[in-house]
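Engineer: Sharing a model that was predicted from the sequence below.
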Amino acid sequence: MHPKTREKLIATVVGWLAAGVIFFPIFWMILTSFKTEVEAIATPPKLFFTPTLENYVTVRERADYVHFALNSVLISVGATLLATLIAIPASYAMAFFPGKRTKDLLLWMLSTKMMPAVGVLIPIYLLFRDSGAIDTRWGLILVYTLMNLPIVVWMLYTFFKEVPKDILEAGRMDGAKPKQEVWMLLMPLSLPGIASTALLSIILCWNEAFWSLNLTTSQAAPLTTFIASFSAPEGLFWAKLSAASTIAIAPILVFGWMSQRQLVRGLTFGAVK
Amino acid sequence: MASTTTTATVSGATAAIGGRSQRTVKTLPLIAPSVIVLFLWMIVPLAMTLWFSFQYYNLLDPSVGGFAGLENYTYLLTDPSLWTAMLNTILLVFWVLVITVGLGTLLAVLFDQDFYGRGVARLLAIAPFFVMPTVSALVWKNMLMHPVNGLFAFFSRSLGLPVIDFFGSLPLTSIIIIVAWQWLPFALLILLTAIQSLDSEQKEAARMDGAGPFAMFFFIILPHLGRAISVVIMIETIFLLSVFAEIYVTTSGGPGLASTNLAFLIYLRALREYDVGGASAAGVIAVILANIVAVFLVRSIARNIAD
């Protein structure tokens, strides 16, 4: 056998083995979601069984699951929209009309992301309690908007900088007002960038579990909080928990796979290119 | 490089000639909303935490109140539970970093090789990063590490080994394993991006000069990864300092304080024991810890923005 081919075969085996081991817990969870509750806790564990959709039906029929899923959708989409709306003007100004302080401002914004949430848990909790924002969707939307704003500003800034200035100049020469310039030229030109920024923001909101666990209980609780409520009963609902978890992670897994590249850019603030 | 400079000058010139009025777009009203909300979000609660940390303040007992001076701090610093939590925080951060950066580097080299189905294998390997923390913690707790019905217990029994009660006897280790599993894909993804930016001509040249795989790794790849590794370490440290959900759903910090980190201690003090003053003092310490790391990170980002 040619040494190049053998090398490739070895890499294939080792690569798939590593990927398999890392992915195994997720695979096992998905597998368990198609078992009955008895099969789920059977010893020895069952690898081959007659798959059932019973758990998914049960989960879907429980009205509260839909309620929590809806909260997750509304909160992550709401916070993402709000953050993008606040960030677009700022990123536009910083990308196209940079001043002496632009870089410092950008760095300051990123540095706010580095403050640990526990450091401000108590004041936020008390402010939320006293203003009635606890366990409300808008309360969590507000927190997530602020949490992701620096990343959204930063990512939009880097995408806007890639838009050729000449096109915007030409538009301006033809008499486009700043508003038209942003809406009719910049937005369509950087749509892929805006989309991947929004995607990352949705992923981060969807999986956030510090604020959701501390600021919501039932009314506004997203899926992270709902799943956490399964930690109490000992091993009785594994199959249902697996089904609920599988639905909870499926959309985000797909989003995440779609946006791998931008993810690196967004999460490292451009420190790794 | 030359062409970009020219276009920049040209477009600058057009702006100056053709559109003086447009050039004076007021940036302040555009930037102000972001700056103001972020300022409020960061400064106000931080100032409140600092203020509370010098107060007697208990949520259950309104009769307690007034200026406490440094008492919350002296109480906290002489309390062994703070040091336990600090040690746990440091152990958690350290071991997760060792595992994720070590394995992440090896995996990045592996996934840089050309092999069959690499794209799909890579998708599987980065999947854990997109699983919400409460789900991954419960999957590990119930299905893998459970002492009776867990898969690990089954394997131990089949091999005739003693069954490990993960969360009972190795609570912190168990949490380290779960958190490392979640963050390994992050390290892999970033280090892989960095490896792929390595000049292939440089690699080819080294190979021509007879560099074997080990020489290649230590003298070409690793030095190139230095910066990316330090970025991974800094970003992970900031997130790992406040690991919370994984502890919340698995051990609740126990048994005793065996798996309580600083973040969880603050939560226990504030929302379980209602001691706002004491919890705030611990919060201030957490902020200081994170800031030490953040200073280095900001410096490293700043250098790259300038490029």
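Structural biologist: Nice, thanks for sending it over.
Engineer: With adjacent residues omitted, what lies nearest to A:K113?
Structural biologist: Excluding its sequence neighbours, the residue lying closest to A:K113 (C-beta to C-beta, 6 or more residues apart in numbering or on different chains) is A:P150, at 4.5 Å. Using the backbone N, CA and C atoms, a C-beta is placed for each residue, glycine as well.
Engineer: Report how many residues lie close to the one you found.
Structural biologist: A:P150 has 24 neighbours, counted by other C-beta atoms under 10 Å in any protein chain shown.
Engineer: And the one 3 residues further on, by the same measure?
Structural biologist: The tally of other residues near A:V153 (other C-beta under 10 Å) stands at 28.
Engineer: any idea which element it lies in?
Structural biologist: helix A:137-161 (DSSP states H and E).
Engineer: Using neighbour counts, pick out the buried residues of that helix.
Structural biologist: Buried positions in helix A:137-161, judged by neighbour count with 16 or more other C-beta atoms under 10 Å in any protein chain shown: A:137, A:139-160.
Engineer: Would you mind pulling up the elements that that helix packs against?
Structural biologist: Helix A:137-161 makes packing contacts with helix A:63-96, helix A:102-112, helix A:191-207, helix A:210-215, helix A:260-267, helix B:28-52 when contacts are defined by 3 or more C-beta pairs under 8 Å, 6 or more residues apart in numbering or on different chains; DSSP states H and E.
Engineer: can you tell me which of those helices the model trusts least?
Structural biologist: Of all those, helix A:260-267 carries the lowest average pLDDT, namely a mean of 77.
Engineer: CA atoms only: put that one into CSV for me.
Structural biologist: The C-alpha trace of helix A:260-267 is given here as CSV (Å, rounded to 0.1, in the frame of the first residue of the first chain):
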residue,chain,number,x,y,z
GLN,A,260,-18.6,27.4,13.1
ARG,A,261,-16.3,29.9,11.3
GLN,A,262,-18.0,33.0,12.5
LEU,A,263,-18.1,31.5,15.9
VAL,A,264,-14.4,31.7,16.2
ARG,A,265,-14.4,35.3,15.1
GLY,A,266,-17.1,36.2,17.6
LEU,A,267,-15.9,34.3,20.6
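Engineer: low-confidence ranges in the stretch 201-307 of chain B?
Structural biologist: Within the stretch 201-307 of chain B, the set of residues satisfying pLDDT under 70 comprises B:304-307.
Engineer: For it, which residues are neighbours of chain A?
Structural biologist: B:227-228, B:231, B:235, B:238, B:241-242, B:244-245, B:248-250, B:262-263, B:266-267, B:270-271, B:276, B:279-280, B:283-284, B:286-287, B:289-291, B:293-294, B:297-298, B:300-302, B:304-306 (C-beta under 8 Å from any C-beta of the partner chain).
Engineer: Can you select the buried ones among these for me in PyMOL?
Structural biologist: To isolate the buried members of those in PyMOL, using 16+ other C-beta under 10 Å:
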select buried, chain B and resi 227+228+231+235+238+241+242+244+245+248+249+250+262+263+266+267+270+271+276+279+280+283+284+286+287+289+290+291+293+294+297+298+300+301+302+305
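Engineer: Helices - which of the residues of the stretch 201-307 of chain B next to chain A land there?
Structural biologist: The helices, defined by DSSP state H, take in B:227-228, B:231, B:235, B:238, B:245, B:248-250, B:262-263, B:266-267, B:276, B:279-280, B:283-284, B:286-287, B:289-291, B:293-294, B:297-298, B:300-302, B:304-306 from those.
Engineer: Between the helices and strands packed on helix A:137-161, which one is closest to B:L92.
Structural biologist: Closest of the helices and strands packed on helix A:137-161 to B:L92 is helix A:210-215, at 15.3 Å (criterion: C-beta to C-beta).
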